[in-house]
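Chemist: coords below, sequence missing:
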Ligand code: COA
């Protein structure tokens with residue numbers, strides 16, 4: 001598939017998706033959101049892809065937010081539709097993907113950019129990265145899940161301060177907050193993401209998908225995460241990966257998971 005605003009490459013089990021509008025600091029316009037949806041769906045359906053890395057083009061920004069020029073004249077109904085559609089086709093879509101997604105934050109991750117990184121399963125950052133949800137400085141609030149995911153990741157008090165001040169935090173503070181898992185210099189960011197991805201991809205992809213479902217259940221309205229865990233745990237016993245994993249262990253050899 002040909003994309004205008006993103007680049008995708010699949011190599012060694014890893015699909016890297018790069019948002020590529022550097023002149024607009026990779027701001028998320030409508031067509032980029034749609035292209036990202038299509039790219040994530042394709043990567044998730046591609047059996048060769050075991051891990052997805054999401055990053056931004058250039059040295060300055062991961063994503064500097066939703067494209068402000070597209071919604072400056074929106075009505076109440078259009079604003080609500082923008083948030084609902086974006087959450088459904090991209091942000092919740094990524095969070096619930098079976099294939100693990102690592103956000104490699106290579107610069108500014110603001111507004112929708114930080115929300116996108118927070119929808120990924122976890123985040124790493126380069127030491128020049130700056131993160132924030134500045135929407136209240138525009139007379140808005142975060143609309144792509146930021147009011148929910150930021151408190152889940154850093155705690156209510158820190159999220160309140162970040163959202164109400166509209167301020168930015170640097171990579172080191174994001175690490176202290178637990179918003180990102182690792183910080184490295186910019187040149188090594190993608191290598192670090194790939195190194196972590198290589199540790200993930202040797203494991204059972206069906207078990208990984210089950211683990212994502214169970215972990216996410218804790219954050220789903222009306223779901224009991226412990227019950228979901230029991231169901232997902234049980235399901236694993238019916239998979240070829242489970243047979244291979246346990247047989248390989250008992251025969252003292254490395255597992256070669258069929259991914260079924
Ligand atoms: N939407 C649309 N365009 C954006 C954008 C966004 N969220 N963020 C950056 N851009 C564009 C700028 O308009 C500018 O375009 P131009 O060259 O055609 O004028 C270009 O990207 C470069 O940005 P610029 O502001 O000149 O860079 P800077 O280094 O001076 O500042 C930021 C960097 C990130 C601090 C600044 O761009 C910014 O505050 N962006 C908006 C952040 C935001 O509020 N995001 C939440 C949106 S809900």
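Modeler: Everything's here; your move. Note that the structure is predicted; figures quoted are calculated from it, not measured.

Chemist: for the ligand, what are the nearby residues on this protein?
Modeler: 24-25, 27, 64-69, 108, 110-112, 134-135, 138 (CB under 6 Å from any ligand atom). Where C-beta positions appear, they are placed from N, C-alpha and C, glycine not excepted.

Chemist: farthest pair in these?
Modeler: With CB to CB as the measure, no two of the residues of the chain next to the ligand lie farther apart than 24 and 135, at 17.7 Å.

Chemist: More neighbours: those two, which one.
Modeler: Using other CB atoms under 10 Å as the criterion, residue 24 and residue 135 rank with residue 135 on top: 22 against 17.

Chemist: got the contact list for the more buried one?
Modeler: Shown in contact with residue 135 (CB atoms under 8 Å, 6 or more residues apart in numbering): 111, 141-143, 146, 163, 166.

Chemist: Return the member of the residues you listed nearest to residue 237.
Modeler: Nearest to residue 237 among the contacts of residue 135: residue 146, at 38.0 Å, using CB to CB.

Chemist: wait, what's in contact with the closest one?
Modeler: Neighbour list for residue 146: 111, 114-115, 118, 133, 135, 163 [criterion: CB under 8 Å, 6+ apart].

Chemist: As a markdown table, the residues you listed with secondary structure, pLDDT and distance to residue 81 would be great.
Modeler: Listed next are those as a markdown table, based on DSSP: H, G, I helix; E, B strand; the rest coil; pLDDT from 0 to 100; distance: CB to CB, whole Å:
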| residue | secondary structure | pLDDT | distance to residue 81 |
| --- | --- | --- | --- |
| 111 | coil | 98 | 18 |
| 114 | helix | 98 | 22 |
| 115 | helix | 98 | 17 |
| 118 | helix | 98 | 22 |
| 133 | coil | 98 | 21 |
| 135 | helix | 98 | 17 |
| 163 | helix | 98 | 22 |
